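# give me a model of this one.
(one chain, ligands or ions: 1)
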Amino acid sequence: MPALVDPSDPGLAVQWPLPPQQPIHPGDGEEPGASSTDRRLRLGVMASGNGSNFEALVGACRRGELAAEVVLLAVNKPGCGAVARAERLGIPIQLHDHRQAASREGLDDALAASFRAVNADLVVMAGWMRIVTQRLIDAFPDRLVNIHPSLLPSFRGVDGVGQALAAGVTLTGCTAHLVRLEVDGGPILVQAAVPVVAGEDRAALARRIQAQEHRILPLAVQLAGERLGLL
Ligand code: GAR
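Here you go, the predicted structure:
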């Protein structure tokens, strides 16, 4: 008998840190506001596309797995999937259409102003497909988190899933990290590894990576908040 279970089992993605067995936040499951010492992070989220990571964050907050609430969704594409999700979930939405902005800095200044106006503690780039400038990074120092579909520092930039397949790696995954000016280059918070299954196409691999993104993004937000002493 082999000592190890077949690591190519798509259900066995390696996790670091391991997901907690207990609720992260004391008081989970109690009435909202049951403890006056509870601190809930106020999260801003930026999305350009489908919005599944945005919805995963909202879900983690509402299930009490993350001591936070999503207070604003900013999108740069009107009608993107994230908008419909926010409408269904009752999360306020603001459109910051990059085509209307005079510059990348102008777009980031407007985003920063929106998130400041709602007193966001942390801002999460959940499928934000624009390069951000130092303006946004400086507005939320060590408070800007990104999710990327590869095991960084491999396969930065566009289509991390396709890059990994093209390179022929047998293990890929996803990374949640703090944002720096270097694209996909900031300090790593949490990663999950996902084995590549022989013969799998890009869409199937992307789905399994996304399932892991939905697990690690709330963990990364918690970790970022704890490191800043916000929780
Ligand atoms: C996610 O897989 C995320 O990692 C990726 O976009 C997808 C958004 O999905 N982000 C990047 O590639 C950023 N470089 P979603 O809209 O369903 O959350």
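
# residues contacting residue 172?
150-151, 154-155, 160-161, 164, 193-194, 196, 205, 209 (CB atoms under 8 Å, 6 or more residues apart in numbering). (Each C-beta comes from the backbone N, C-alpha and C, glycine too.)

# what is the nearest of the residues you listed to the ligand?
Of all the contacts of residue 172, residue 160 has the smallest distance to the ligand: 5.7 Å, by CB to the nearest ligand atom.

# now residue 125: phi and psi?
The phi/psi pair for residue 125 (degrees, to the nearest 10) reads phi -90, psi 100.

# check what pLDDT it gets.
Reading off the confidence values, residue 125 has pLDDT 98.

# tell me what it is bridged to.
residue 46, residue 146 (DSSP bridges).

# hang on, the earlier thing: format the contacts of residue 172 as a markdown table; extra columns: distance to the ligand, neighbour count and secondary structure.
Below are the contacts of residue 172 laid out as a markdown table (distance: CB to the nearest ligand atom, whole Å; neighbours: other CB atoms under 10 Å; DSSP: H, G, I helix; E, B strand; the rest coil):
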| residue | distance to the ligand | neighbour count | secondary structure |
| --- | --- | --- | --- |
| 150 | 8 | 24 | coil |
| 151 | 12 | 21 | coil |
| 154 | 13 | 16 | coil |
| 155 | 10 | 24 | coil |
| 160 | 6 | 23 | helix |
| 161 | 8 | 22 | helix |
| 164 | 12 | 24 | helix |
| 193 | 15 | 17 | strand |
| 194 | 12 | 26 | strand |
| 196 | 16 | 20 | coil |
| 205 | 11 | 21 | helix |
| 209 | 7 | 24 | helix |
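
# pretty sure residue 107 is in a helix, no?
Yes: the assignment for residue 107 is a helix, going by DSSP: H, G, I helix; E, B strand; the rest coil.

# where does this protein dip in pLDDT?
1-38 (pLDDT under 70).

# residue of it nearest the ligand, please.
Counting by CB to the nearest ligand atom, the chain gets nearest the ligand through residue 127, at 2.6 Å.

# so which bits of the protein are right by the ligand?
47, 49-53, 126-127, 147-149, 160, 210, 213 (CB under 6 Å from any ligand atom).

# I'd like the residues you listed as a markdown table, with distance to residue 141 appended.
As requested, these are arranged in a markdown table below (distance: CB to CB, whole Å):
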| residue | distance to residue 141 |
| --- | --- |
| 47 | 22 |
| 49 | 26 |
| 50 | 29 |
| 51 | 26 |
| 52 | 28 |
| 53 | 22 |
| 126 | 19 |
| 127 | 22 |
| 147 | 19 |
| 148 | 20 |
| 149 | 25 |
| 160 | 25 |
| 210 | 28 |
| 213 | 24 |
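
# need the max-distance pair from these.
The largest separation in those, counting by CB to CB, is between 51 and 160 at 18.1 Å.

# where do the strands sit along the chain?
For the chain, the strands defined by DSSP state E occupy 14-16, 41-47, 68-75, 93-95, 122-125, 144-148, 171-178, 188-195.

# can I get these in JSON lines with distance to residue 112?
Below are the strands of the chain laid out as JSON lines (distance: least, CB to CB, whole Å):
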{"stretch": "strand 14-16", "distance to residue 112": "31"}
{"stretch": "strand 41-47", "distance to residue 112": "10"}
{"stretch": "strand 68-75", "distance to residue 112": "10"}
{"stretch": "strand 93-95", "distance to residue 112": "12"}
{"stretch": "strand 122-125", "distance to residue 112": "9"}
{"stretch": "strand 144-148", "distance to residue 112": "10"}
{"stretch": "strand 171-178", "distance to residue 112": "16"}
{"stretch": "strand 188-195", "distance to residue 112": "21"}
